[in-house]
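>>> Task: produce atomic coordinates for the following.
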Amino acid sequence: MGVDLEIVYSDSNVIASLIYSDPERSPWMLFCVYGPPSRAKRKKFWVKVEDLAKYFSGPWAVMGDFNNIKGSKEKKGGRHVGESSVNSLRDFINNMGAIDLDFIGPFFTWSNRREGLTNIRQRLDQCLCDQEWQTLFPKAGIRHLVNANFDHNPILLDTHMENTYLLKPFRFEAMWTKDESSKEVIESAWQTRVDGPQSLKLAKKLEATRRDLKRWNKSCFGSSREKIKELEQKIAQIQSLEATKENLELEASLSLELDEWLAREDLKWKQKSREIWIREGDQNTRFFHLSTLVRRRRNCIQEIKLEDGSWINDGEDIQMYFIENF
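Below you'll find the model as predicted:
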């Protein structure tokens, strides 16, 4: 489907719009902003954006010319960045749990266009979002475009920035150990008869183990999220029936099975997130899911700057560059 936009609020600094896109049943709020250049007005501005975001209960993103930076790393040249000049934006980020979307392209988006020591560059144009929006668009990112005739570089919000399919490397899932049949799959694959030197035998057996585990995961283990949803639906159906002994026993059995699948789901996201802590007895799947999405974007090479100053951002061109140079 296309994109529908409905403006719900506007003033000289903020345009708030409801966005109806894919997925069509998940409208979200986009705040296009022009931050006040005056430091005295910044606090009031960010408090207003915070109030607007809190008023809307769904996912949101705010982007535009902030006329504000988060710290000294986002400025080069000119006077030292004082704490008072960045506190308002930092307060908004901390209060709202906002996420700074990754970007590709030149780091700074604004320049005073002067030469030598008088040149000042800053990353004034940015995009922030909440956790719900990040989960809705896990591949989203910002493209810093180039404009030779203006002091600001335009930025483009791309909700599907990873548009090149790459083969995923095989990784052993820790949650597989929760199922006893996984051991049988590994033992069977490891007993594969292979002739030749020891190094070849090891490589072939590892390949057989990888292949059989992937096949077993797809056909037998299945998707943990789908299984959890199926069990929740069954429990809901049982709970709507008469509380007979048979129904109560069946509900208890399904609840135990659901607990086991929830534990597998938490273990999966804990492994993928590379976080070392998890609160005992707490379901932190949402946190682990989000941290995995953020790490996945950071691990992806989306653009390379060549020696002549030009950029390549096509997935196949990047692959060929590494093949030819490394």
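>>> Once you drop chain neighbours, what's closest to L128?
Distances taken as C-beta to C-beta, 6 or more residues apart in numbering place A98 nearest to L128, at 4.2 Å, with adjacent residues excluded. No exception for glycine: its C-beta is placed from N, CA and C like everyone else's.
>>> For that neighbour, what are phi and psi?
A98 adopts backbone torsions of phi -70, psi 150, taken as degrees, to the nearest 10.
>>> That one: neighbouring residues, count only.
22 (other C-beta atoms under 10 Å).
>>> Likewise for I7?
I7: 11 surrounding residues under other C-beta under 10 Å.
>>> what sits opposite it in the beta ladder?
Counting by DSSP bridges, I7 forms beta bridges with S17.
>>> From what I see, M175 and E260 are in contact.
No - the pair M175 / E260 is not scored as a contact, 10.3 Å apart, by C-beta atoms under 8 Å.
>>> Those two: who's more crowded?
For the pair M175 and E260, the greater number of neighbours falls to M175 (20 against 14), based on other C-beta under 10 Å.
>>> For this protein, just list every one of the strands.
Applying DSSP state E to the chain gives strands spanning 4-10, 14-20, 28-34, 60-65, 75-76, 99-100, 103-104, 110-111, 121-122, 125-129, 141-144, 155-158, 304-305, 311-312.
>>> distance of the closest residue to E251 other than its chain neighbours from K205?
Leaving aside its chain neighbours, E251 sits nearest to I238 (4.6 Å; criterion: C-beta to C-beta, 6+ apart). Separation of I238 from K205 (C-beta to C-beta, to the nearest Å) stands at 45 Å.
>>> Can you convert the strands of the chain into JSON lines and add a column each for mean pLDDT and distance to K183?
Listed next are the strands of the chain as JSON lines, based on pLDDT from 0 to 100; distance: least, C-beta to C-beta, whole Å:
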{"stretch": "strand 4-10", "mean pLDDT": "91", "distance to K183": "52"}
{"stretch": "strand 14-20", "mean pLDDT": "93", "distance to K183": "48"}
{"stretch": "strand 28-34", "mean pLDDT": "96", "distance to K183": "44"}
{"stretch": "strand 60-65", "mean pLDDT": "96", "distance to K183": "45"}
{"stretch": "strand 75-76", "mean pLDDT": "90", "distance to K183": "56"}
{"stretch": "strand 99-100", "mean pLDDT": "90", "distance to K183": "40"}
{"stretch": "strand 103-104", "mean pLDDT": "86", "distance to K183": "44"}
{"stretch": "strand 110-111", "mean pLDDT": "89", "distance to K183": "58"}
{"stretch": "strand 121-122", "mean pLDDT": "92", "distance to K183": "57"}
{"stretch": "strand 125-129", "mean pLDDT": "95", "distance to K183": "42"}
{"stretch": "strand 141-144", "mean pLDDT": "90", "distance to K183": "40"}
{"stretch": "strand 155-158", "mean pLDDT": "92", "distance to K183": "44"}
{"stretch": "strand 304-305", "mean pLDDT": "74", "distance to K183": "43"}
{"stretch": "strand 311-312", "mean pLDDT": "74", "distance to K183": "46"}
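>>> For these, give me a markdown table that also has distance to A40.
Formatted as a markdown table, the strands of the chain follow (distance: least, C-beta to C-beta, whole Å):
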| stretch | distance to A40 |
| --- | --- |
| strand 4-10 | 23 |
| strand 14-20 | 18 |
| strand 28-34 | 16 |
| strand 60-65 | 18 |
| strand 75-76 | 20 |
| strand 99-100 | 25 |
| strand 103-104 | 29 |
| strand 110-111 | 20 |
| strand 121-122 | 19 |
| strand 125-129 | 21 |
| strand 141-144 | 29 |
| strand 155-158 | 26 |
| strand 304-305 | 39 |
| strand 311-312 | 39 |
